[in-house]
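J.: pasted the sequence and its predicted model underneath.
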Amino acid sequence: MSTPVTMYFDATCPFAWVTSRWLKEVAKVRDIDLTYSPMSLAVLNEGREELPENYRNAMEAAWGPALVAAALQLSEPDKVDAYYTAIGTLIHNGGQGHRQGDGAYDALIAEALSDAGADSAYLEAAHKRGDEEGSVEEQLRAFQATAMEKVGNDVGTPVVELGGHAFFGPVITRVPKGEEAGALFDAAVTLGSYEHFFELKRSRTESPDATA
């Protein structure tokens, strides 16, 4: 029987991107039913004025890709994976991340929607907020809340749910391939399924790189 795996992602997060590509490798060597669902770093970091200005500007930019992911999740969930793969490849593998300000990812969103076979009109969701007609902000916040309900509020992205057990991470900086990817998955399932397991962590000494 397939193991259900859901990863909650923010397309702008490099750590989530590496984890998502690891899960793609896992799908080649393990029987899993893999889906992706949006969450939002912009929502998570909302109101945190103590953050550096450049990070707050990056969070403003992050609204766009996340709102479009939410719009797809609501109307065409079968295209979320392809959209995430397309925009993540542009942002992270293509070195077009770390953008700042409202609308900074518009061109990449448009290209990703095209690559995913989705209607270009979904780009409109990137600029509709609050009670504005056509806004999916409320639904994006609900997706974020769902992810946080599973793991608590003191974590970020990615959140991964393996067979009904969710946790933050695993945070990895390179994408294991083949049986190495499968072995890491097996270990994650074992740790995640133990109800008294909460955290395993060490200081990170390198940046994430899905192309390495």
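T.: Looks like it arrived, so ask away.
J.: for the helix or strand bottoming out on mean pLDDT in the chain, give me every contacting residue.
T.: None of the helices or strands of the chain scores lower by mean pLDDT, DSSP states H and E than strand 165-168, at a mean of 92. Contacts to strand 165-168, defined as Cβ atoms under 8 Å, 6 or more residues apart in numbering, come from residues 147, 150-151, 155-156, 158-160, 189, 191-193. Every residue, glycine included, has its C-beta placed from N, CA and C.
J.: before we move on, what about stretch 74-84?
T.: With Cβ under 8 Å, 6+ apart as the test, stretch 74-84 has contacts from 9, 11, 20, 34-38, 68-69, 72-73, 112-113, 115-118, 136, 139.
J.: count of neighbours near residue 191?
T.: Applying other Cβ atoms under 10 Å, we find 16 residues neighbouring residue 191.
J.: now stretch 101-109: buried residues?
T.: Going by neighbour count (16 or more other Cβ atoms under 10 Å), the buried part of stretch 101-109 is 104-106, 108-109.
J.: keep only those of those that are in helices.
T.: Within the buried residues of stretch 101-109, residues falling in helices by DSSP state H are 106, 108-109.
J.: among the contacts of strand 165-168, the buried ones, what's the PyMOL command?
T.: Provided next is the PyMOL selection string for whichever of these are buried by 16+ other Cβ under 10 Å:
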select buried, resi 147+150+151+155+156+158+159+160+189+191+192
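J.: among the contacts of strand 165-168, which are in strands?
T.: Mapping the contacts of strand 165-168 onto strands (DSSP state E) picks out 159-160.
J.: turn the contacts of strand 165-168 into TSV, columns for distance to residue 27.
T.: Formatted as TSV, those follow (distance: Cβ to Cβ, whole Å):
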residue	distance to residue 27
147	21
150	21
151	22
155	24
156	24
158	16
159	18
160	13
189	14
191	20
192	17
193	19
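J.: which two from the contacts of strand 165-168 end up farthest apart in space?
T.: Using Cβ to Cβ, the two most remote members of the contacts of strand 165-168 are 156 and 193, lying 22.4 Å apart.
J.: in whatever helix or strand residue 17 lives in, what's buried?
T.: For residue 17, the element it lies in under DSSP states H and E is helix 14-29. Across helix 14-29, burial judged by 16+ other Cβ under 10 Å covers 14-23, 25-27.
J.: now do stretch 176-193
T.: In terms of neighbour count (16+ other Cβ under 10 Å), stretch 176-193 has its buried residues at 176, 181-182, 184-185, 188-189, 191-192.
J.: quick one, helices of this protein?
T.: 14-29, 41-44, 53-75, 80-88, 106-115, 137-151, 178-193.
J.: dump stretch 171-190 to PDB, restricted to CA.
T.: Below are the C-alpha coordinates for stretch 171-190, written out as PDB (Å, rounded to 0.1, in the frame of the first residue of the first chain):
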ATOM      1  CA  VAL A 171      15.900  20.300   6.400                       C
ATOM      2  CA  ILE A 172      18.600  19.100   4.000                       C
ATOM      3  CA  THR A 173      21.000  21.100   1.800                       C
ATOM      4  CA  ARG A 174      21.600  18.600  -1.000                       C
ATOM      5  CA  VAL A 175      19.300  16.200  -2.800                       C
ATOM      6  CA  PRO A 176      20.100  12.500  -2.200                       C
ATOM      7  CA  LYS A 177      19.400  10.100  -5.100                       C
ATOM      8  CA  GLY A 178      18.400   6.500  -5.500                       C
ATOM      9  CA  GLU A 179      18.500   4.300  -2.500                       C
ATOM     10  CA  GLU A 180      20.200   7.000  -0.400                       C
ATOM     11  CA  ALA A 181      17.000   9.000  -0.900                       C
ATOM     12  CA  GLY A 182      14.900   6.000   0.100                       C
ATOM     13  CA  ALA A 183      16.900   5.300   3.200                       C
ATOM     14  CA  LEU A 184      16.500   8.900   4.400                       C
ATOM     15  CA  PHE A 185      12.800   8.600   3.800                       C
ATOM     16  CA  ASP A 186      12.600   5.300   5.800                       C
ATOM     17  CA  ALA A 187      14.500   7.000   8.700                       C
ATOM     18  CA  ALA A 188      12.100  10.000   8.600                       C
ATOM     19  CA  VAL A 189       9.100   7.700   8.700                       C
ATOM     20  CA  THR A 190      10.500   5.800  11.600                       C
END
